[in-house]
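Undergrad: got a predicted structure plus its sequence, pasted below:
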Amino acid sequence: MGMNRIQFQPGLSLEQFLESFGTEERCEEALEQVRWPEGFQCPKCGHGDHGIVHGRRHKRYQCKECRHQTTLTAGTIMESTKLFLRTWLLALYFISHAKNGISALELMRHLGVSYRTAWLIHHKIMKAMEHREGLYVLSGKVQIDDAYLGGELSGGKPGRGSENKVPIVAAVSLSENGHPLRCKFSTVEGFTSDAIAEWAKKSLASSCTVVSDGLACFRNVTSNGCSHEPIVTGGRHPDELPEFKWVNTFLGNLKTSINGTYHALDFEKYSKRYIGAFSYMVNRRFDLSSLVIRLLVAVSNCPPHPERQLRLAELRH
């Protein structure tokens, strides 16, 4: 069997990362380039002339036109952080180069911060990844499947009735020669016609050709203008269904990532964040060396989410 060039690509070594982002100044330069590639622009009035206010941990910019002061992290999901930027960049590196994901406990040990801080960094970055993935819809030929994710709670209901089980729709778009292009995992209220119609509206281009099993609710993807090709599986094993090869492969990878990395996961509460982060990583697997910068872009373009907001239970749809 030949070597898979995607899996065996070198990525960005720790030494290369430290050469590019090993100091606070280099991290500031990188974030400044991401936020203002054409030079500083005041978020209040749009002017570029500014001065630097020194004496604080993070560089502070003051507009010479309106006197408004701002920082590199203001307006981003890192807003009001007391951590050095190099800690954030290092977290981006570890998260982007962990093949099956990374737990907050492991991140705590790598960064030398408290568990609460590591949890907050982890969830803010995952929120940014989820936010970025929400901007994309699938097009072309798309394989879809239904699944339930999340382990059973001790003393709770067994099987699919478990309070920690979350219904999700898995979808993968394919190229003309049948290779996977982009995956999308979405939580839904349930496998009902209305829920699938709402999912299709948010997740699929109207020109899609959707291939699904015989689950009745999937026919409602046509409400978005998509064409639908149902295939009755007849209870066959997924390995015997080449029509669903790629969606089953990515779904298996998602389950392996969650079960192998997170051992005390409240999946019912934070499911959108975890599957959004997984989708983000899979969809950018072709160029690992650029992932730190791409994640920095995602973090910079995600609006602020304070801790109290991140800890609230999420809506599934």
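TA: Yes, it's here.
Undergrad: where does the prediction get shaky in the stretch 151-300 of the chain?
TA: When the per-residue scores of the stretch 151-300 of the chain are filtered using pLDDT under 70, the ranges that remain are 151-164, 237-239, 263-265.
Undergrad: tell me what the helix or strand hosting Thr249 is packed against?
TA: With elements taken from DSSP states H and E, the one containing Thr249 is helix 245-261. Judged by 3 or more Cβ pairs under 8 Å, 6 or more residues apart in numbering; DSSP states H and E, helix 245-261 is in contact with strand 141-149, strand 166-174, strand 180-187, helix 267-282. Using the backbone N, CA and C atoms, a C-beta is placed for each residue, glycine as well.
Undergrad: give me the phi and psi angles of Lys99.
TA: Summarising the backbone geometry of Lys99 under the convention degrees, to the nearest 10, its torsions are phi -60, psi -40.
Undergrad: for Thr192, give its distance to Asn220.
TA: 9 Å (Cβ to Cβ, to the nearest Å).
Undergrad: those two: which is more packed in?
TA: Comparing Thr192 with Asn220 by neighbour count (other Cβ atoms under 10 Å), the higher total belongs to Asn220, at 19 against 14.
Undergrad: wait, the more buried one sits on Ser193?
TA: Yes - if you go by Cβ atoms under 8 Å, Asn220 and Ser193 touch, sitting 4.5 Å apart.
Undergrad: which parts of the protein are strands?
TA: Secondary structure of the chain (DSSP state E): strands located at 50-53, 60-63, 69-71, 141-149, 166-174, 180-187, 209-212, 227-230.
Undergrad: helices or strands next to the first one in the packing?
TA: Looking back up the chat, that one is strand 50-53. strand 60-63.
Undergrad: repeat for the last one
TA: Contacting strand 227-230 under the criterion 3+ Cβ pairs under 8 Å, 6+ apart are the following elements: strand 209-212.
Undergrad: read off the pLDDT value for the closest residue to Leu85 other than its chain neighbours.
TA: Nearest non-adjacent residue to Leu85, counting by Cβ to Cβ, 6 or more residues apart in numbering: Cys27, 3.9 Å away. pLDDT, the model's per-residue confidence, is 96 for Cys27.
Undergrad: same question, Lys99
TA: For Lys99, pLDDT reads 81.
Undergrad: state the distance from it to Gly11.
TA: In this view, Lys99 and Gly11 are 10 Å apart by Cβ to Cβ.
Undergrad: distance of Ser279 from Ile6?
TA: Where Ile6 is concerned, Ser279 sits at a distance of 16 Å (Cβ to Cβ).
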